[in-house]
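[1] output the structure for:
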Amino acid sequence: MKSQKNERAPQRGLEQTADPAASASIAPEIRPGQSIELLKELHILTRDGKLNQDSRRKLKQVYHLFQFIEKLLHEVPSTNGGITLADHGAGKSYLGFIIYDLFFKALSHGHIYGIETRPELVQKSRALAAQLGFSRMSFLNLTVAESALAAELPLQIDVVTALHACDTATDDAIAFGLQKKARFMVLVPCCQAEVARVLNQHKALSLSRTPLAELWRHPMHTREMGSQITNVLRCLYLEAWGYQVTVTELVGWEHSMKNELIIAKYTGQKKRAAAQRLLALLQEFGLSDLLETRFKLPEDKVKPDSTVDGEQPAERV
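    Predicted coordinates:
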């Protein structure tokens, strides 16, 4: 495809795209056509074009995640306004810039929104986008929760990403995706501490009630169980709201311990069994209070006489 004609040209001296042969000579990991200047500005490449081991690991993670996201972007139906993507907990916007450079830049439409709470990172990202001529990128100094009501964002977002959004920010990203009727959500959770805190608070009661509490009696196990339970609950929650969920590894464990990748695709089939299993798990682990905050279920999927013994037929809404 031809690049958008009204994309502002980058400032003199900036390499907007790299010659494929030149990219390969710098490092075999760099994609053909990738902006070398962007990689330098993101400090993935040094000023003299070198790629160190730490940067190589970072690049591998971002590229691997991009491979998953690229497939989803191709599934988004074409519209006049183009594809919209919101990147939560954007940080330095490595992911957003790479997605724009490798996918959006070649299109004549579409927009990426980076959501980040640290104002200095937002300003740097805005300046870099202007410097490179990436005119269809916006960066908002907001929390994930605040962004759901922000006027700067459209009513619907096609793809929601949250790469290592810390603790409850991943839950806020899911809530954002539900409100914005996202077609896809791509989540890499990080530092899931909320459930672990609740488990710790009720540990004595749980130990007297069920031998399962031995799974989180010790502090280290509490942290790990809290993380595991949190992600299981998130997957059931997404299924209850009509998403097909896939869980896989982002990259090898030798590269990152925060490695769980959750991909959710909207089907419109809200699953009552998923809602009931979520409810049962919350009750079993003493987490029922989260029903009023993190895991508000569809009312038609939670009934007093419902059971969790088997999968109920999926219902189209």
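[2] please make it C-alpha for all contacts and neighbour counts, starting now.
    Will do.
[3] how many neighbouring residues does Leu132 have?
    The local packing of Leu132 (other C-alpha atoms under 10 Å) involves 21 other residues.
[4] against Asp101, how distant is it?
    Look at Leu132 and Asp101: by C-alpha to C-alpha, to the nearest Å, they are 10 Å apart.
[5] repeat for Leu153
    Noted for Leu153: a distance of 21 Å to Asp101, by C-alpha to C-alpha.
[6] which one of these two is surrounded by more residues?
    Between Leu153 and Asp101, counting by other C-alpha under 10 Å, Asp101 is the more crowded of the two (19 against 16).
[7] can you list the low-confidence ranges for the stretch 1-150 of the chain?
    Low-confidence segments of the stretch 1-150 of the chain (pLDDT under 70): 1-26.
[8] which stretches in it count as strands?
    Secondary structure of the stretch 1-150 of the chain (DSSP state E, counting those that start in this stretch): strands located at 84-88, 111-116, 137-141.
[9] nearest to Trp241, of those?
    Closest approach to Trp241 among the strands of the stretch 1-150 of the chain (C-alpha to C-alpha): strand 84-88, 19.6 Å.
[10] now the closest one, how far from the centre of its chain.
    9 Å (C-alpha atoms, centre = their mean, to the nearest Å).
[11] what residues sit buried inside that strand?
    Residues 84-88 are the ones in strand 84-88 that count as buried (16 or more other C-alpha atoms under 10 Å).
[12] who are the packing partners of it?
    strand 111-116, strand 159-166 (3 or more C-alpha pairs under 8 Å, 6 or more residues apart in numbering; DSSP states H and E).
[13] what comes into contact with it?
    Strand 84-88 is contacted by residues 95-96, 110-116, 144, 157-163, 165, 173 when judged by C-alpha atoms under 8 Å, 6 or more residues apart in numbering.
[14] center of the chain - which residue?
    Against the mean C-alpha coordinate of the chain, by C-alpha atoms, centre = their mean, the closest residue is Ala162 at 2.3 Å.
[15] name all residues that make contact with that one.
    87-90, 170, 173, 186-189.
[16] in PyMOL, how would I select the buried members of these?
    In PyMOL, this line selects whichever of the contacts of Ala162 come out buried by 16+ other C-alpha under 10 Å:
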select buried, resi 87+88+89+90+170+173+186+187+188+189
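[17] between the contacts of Ala162, which is nearest Asn259?
    Set against Asn259, the nearest of these by C-alpha to C-alpha is Val188 (6.9 Å).
[18] what segments of the stretch 1-150 of the chain are helices?
    Taking DSSP state H, counting those that start in this stretch, the helices of the stretch 1-150 of the chain run over residues 20-26, 36-41, 53-75, 94-102, 119-132, 144-147.
[19] wait, Phe66 touches Ile99, no?
    Yes: contact between Phe66 and Ile99 holds when scored by C-alpha atoms under 8 Å: they sit 6.6 Å apart.
[20] higher neighbour count, these two?
    Ile99 (21 against 18).
[21] compute the mean per-residue pLDDT across stretch 300-307, please.
    Here stretch 300-307 scores 57 as its mean pLDDT.
[22] on that earlier part again, the helices of the stretch 1-150 of the chain: which one's closest to Arg217?
    Closest of those to Arg217 is helix 144-147, at 32.3 Å (criterion: C-alpha to C-alpha).
[23] Leu261 - that's part of a strand, no?
    Yes: assessed by DSSP: H, G, I helix; E, B strand; the rest coil, Leu261 belongs to a strand.
[24] phi, psi for the residue lying closest to it once chain neighbours are set aside please.
    Distances taken as C-alpha to C-alpha, 6 or more residues apart in numbering place Val188 nearest to Leu261, at 4.8 Å, with adjacent residues excluded. The phi/psi pair for Val188 (degrees, to the nearest 10) reads phi -120, psi 90.
[25] next one: Thr143
    phi -80, psi 160.
[26] I figured it was touching Pro119, is that so?
    No: Thr143 lies out of contact with Pro119 (C-alpha under 8 Å); the separation is 10.9 Å.
[27] what about the closest residue in space to Val245 that isn't next to it in sequence, neighbour count?
    Among residues not flanking Val245 along the chain, Ala264 sits closest, at 4.5 Å (C-alpha to C-alpha, 6+ apart). Counted by other C-alpha under 10 Å, the residues lying close to Ala264 total 24.
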